[in-house]
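Student: Need the 3D shape of this:
(one chain, ligands or ions: 1)
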Amino acid sequence: MADRNLTRPDELSQGLSFYRSPEGELFCEDIPLRDLARRFGTPLYVYSRAGIAERLEAYEKAFGEEPHQVCYAVKAASTRGILELVARQGAGFDCVSGGEILRALEAGGDPKKVVFSGVGKSVADIAFALRAGIKCFNIESPAELDRIHAVTERLGIEAHVSVRVNPNIDAHVDAHVATGLGDSKFGVKLTEVIPLYEKAAKLPMIRIEGISCHIGSQVESAEPYLRMVTVLAGFVNELARRGIVLHHIDLGGGAGVAYHPDEKPLEPSELIPALIKAVRREVSVPDIEIFVEPGRSVIAQAAVLLTTVQYLKSGLFERQFAIVDASMTELVRPAIYGSYHLIEPVVPNPKAQRQILNIVGPVCESTDFLGNDRNLAIEAGDLLAIRTAGAYGMAMASTYNSRPLPMEVLVDGSRVIPLRRPQTALDLTRDEETLGLVKNPGMSEEAVRSLFAQSLGMSIE
Ligand code: PLP
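Tutor: Modelled structure (predicted):
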C-alpha cells in the first residue's frame, strides 16, 4: 500500500479514489491497479467505493434540508453490487425497463423510491412495476397512459404517474445524448401536456404524482436547466390553477464529468442550489419535492477500465497503433459517440519510446478504437488505464465478435470485491440451440470445449 499522504493528486478524480504513488504508479484507493490486473486479468473494470459514495454524498449535501429525492439512473452502470451501494446510501433509482427495476430491487432498493422512465414500456414491465409498488411512472406519450390504465384495471392496482415533458430545449450537448429537443423521441410534446394531465385526472386507477423532464447528458452549464425549470414551473402552476396539485418536480440527470483534465464540470454543489432557488422562485406549490436522476455524474469518474497492450504496429503511412485487449465491446463510447477518454500507463515505462499512437481493440470494425493520437511511452505487455469509464461503460458492453463480458471489481480501501463471475466464450455458446445438421462434426463439441478451456489464460512471459 502506498502512503496516501505522499501521493500526487490525480488530475481526474475528485477526492482520493484514484491517485499516483511517488513512483508514479496508479492506485485505486489502497490497491495498486497492477495487482488487480495480475489477479483478475484484463480487460477489467475497477470501481472505487469511496468514489461512488463521495458523489452521492455531494448530491445529498447540496440538497441539505430541502425536500428531495435522488434517483440514480441505473442505465449508467447497473451491476448489482453498484446498485447495492447506491441503495445503502438511501438513494432511489431511475429505471427504464422491467429488467432495471428488477436489478434495483434485487439490490435492496426501495420500490417507493423507483421512478420508471422510457418511451416503450411493455405491458409486462408495467405490470411488474405496479405489482412492485414503484413511486411513479414517468409517462412519455398519451398512448402510454392508455396502456398503463388498462394494466391497472386488469390488476386492480393504482398507478402513480408523472408526465415527462419534452421541453424543446437545446442543452448544447452532443447530438447523440440530447433528449430534450422537440424532434427527439423522448417526453410528451408541450401542447399535449395539460390535456394529458386532465385526462389522467379523470381515470379512476391513476394517481397524479408529479412532472418530469430530461434535457441531455454531460450538460456543461446551469443555464439550460434553468430554462427547463421555467417550462416545468409553467405547467405546475397552470395545473394547480386547474385543481391538479403536483407533489414533485423531477429535473432529470445530465450533470457532466471531466473526461479530460482541462474540463471543469458543473458540480452538484453549484448546480443543485441554483435549481432549488429557481424552483422555489417559480413554482407556486410550496414545498414541492425536487427529484433528480443523475447517472454519469455519480459513477463515471469512480471507475477505470484496465487493458493490456498486445502489439504495437505501424500502418502503411505515418500511423502507429497500439492494439490492446479491450475494445468497443467493453467501452463503446468512443466508437459510437467519438467520445474522449484519457488513457494512461498504470506504471510509467522509462524504457519505452514516446510516440503518437492510436489505441485500438481487436474487434473487426474500423470504428473499434479507444483513443486516437495519444502521446504515450508504452510497449507490448504494458498496462493502461482508460479513465472516467464508469458510466455507460460496462452497462453498454456487448459480446460482439464472441468476446466475453469483462470482469468488474470494487475496491473498498484495501478490500477487493469481485462484482461478477468471470465469463469466457464457453458461457456464450452454452445456451444456444444446435440443429444437429452436421452428421460428422470435424470435432466433437466436448473435445472443442475442452481444448478451449485448456487454452484459457495462457500467457508467454
Ligand atoms: N434520466 C433520464 C430520463 C435519462 O434519459 C438519462 C440519460 O439519458 C438520465 C436520467 C441520466 O443522465 P446522466 O447519466 O447524464 O446523468
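Student: Buried residues in stretch 197-214, which are they?
Tutor: Neighbour counts over stretch 197-214 (16 or more other CB atoms under 10 Å) mark 197, 200, 203, 205, 206, 208, 209, 210, 211, 212, 213, 214 as buried. Heads up, the C-betas are built off the backbone N, CA and C, glycines and all.
Student: Quick check: the third one touching residue 149?
Tutor: Yes. Counting by CB atoms under 8 Å, residue 149 is a contact partner of residue 203 at 5.1 Å.
Student: returning to that earlier point: near the ligand, which of the buried residues of stretch 197-214 show up?
Tutor: Among those, the residues lying close to the ligand (CB under 6 Å from any ligand atom) are residue 214.
Student: OK, contacts around the residue nearest to the spatial centre of the chain?
Tutor: In the chain, the C-alpha closest to the average C-alpha coordinate belongs to residue 76, at a distance of 1.1 Å (CA atoms, centre = their mean). For residue 76, the contacting residues are 295, 296, 298, 299, 300, 390, 391, 392, 395, by CB atoms under 8 Å, 6 or more residues apart in numbering.
Student: could you dump the residues you listed to TSV with pLDDT and secondary structure?
Tutor: Shown next, in TSV, are the contacts of residue 76 (pLDDT from 0 to 100; DSSP: H, G, I helix; E, B strand; the rest coil):
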residue	pLDDT	secondary structure
295	97	coil
296	96	helix
298	96	helix
299	97	helix
300	96	helix
390	97	coil
391	97	coil
392	97	coil
395	98	helix
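Student: quick one, domains of the protein?
Tutor: Annotated domains of the chain cover 4-48+301-420, 117-294 [automatic domain parsing].
Student: Give me the mean pLDDT for the longest one.
Tutor: Over the span of domain 117-294, the pLDDT mean works out to 93.
Student: From one end of it to the other, what's the distance?
Tutor: 13 Å (CA to CA, to the nearest Å).
Student: What's the local residue count around the one residue in the stretch 351-461 of the chain that gets nearest to the ligand?
Tutor: Here the residue of the stretch 351-461 of the chain nearest the ligand is residue 391; by CB to the nearest ligand atom that distance is 5.9 Å. Counted with other CB atoms under 10 Å, residues neighbouring residue 391 total 26.
Student: who's in contact with it?
Tutor: With CB under 8 Å, 6+ apart, residue 391 has these contacts: 76, 77, 257, 295, 296, 298, 299, 300.
Student: switch the cut-off to 7 Å
Tutor: Residues in contact with residue 391 (CB atoms under 7 Å, 6 or more residues apart in numbering) are 76, 77, 295, 296, 299, 300.
Student: Now do the buried residues in stretch 95-113.
Tutor: Buried residues in stretch 95-113 (16+ other CB under 10 Å): 95-98, 100-101, 103-105, 107, 109-111, 113.
Student: which one of the residues you listed is nearest residue 185?
Tutor: Distance to residue 185 across these (CB to CB) is lowest for residue 96, with 12.6 Å.
Student: I figured the closest one hits residue 118, correct?
Tutor: Yes. Between residue 96 and residue 118 there is a contact at 3.7 Å, judged by CB atoms under 7 Å.
Student: Near the ligand, which residues of the protein are found?
Tutor: Residues of the chain lying near the ligand (CB under 6 Å from any ligand atom): 73, 76, 94, 117, 179, 214, 217, 252-255, 293-297, 391.
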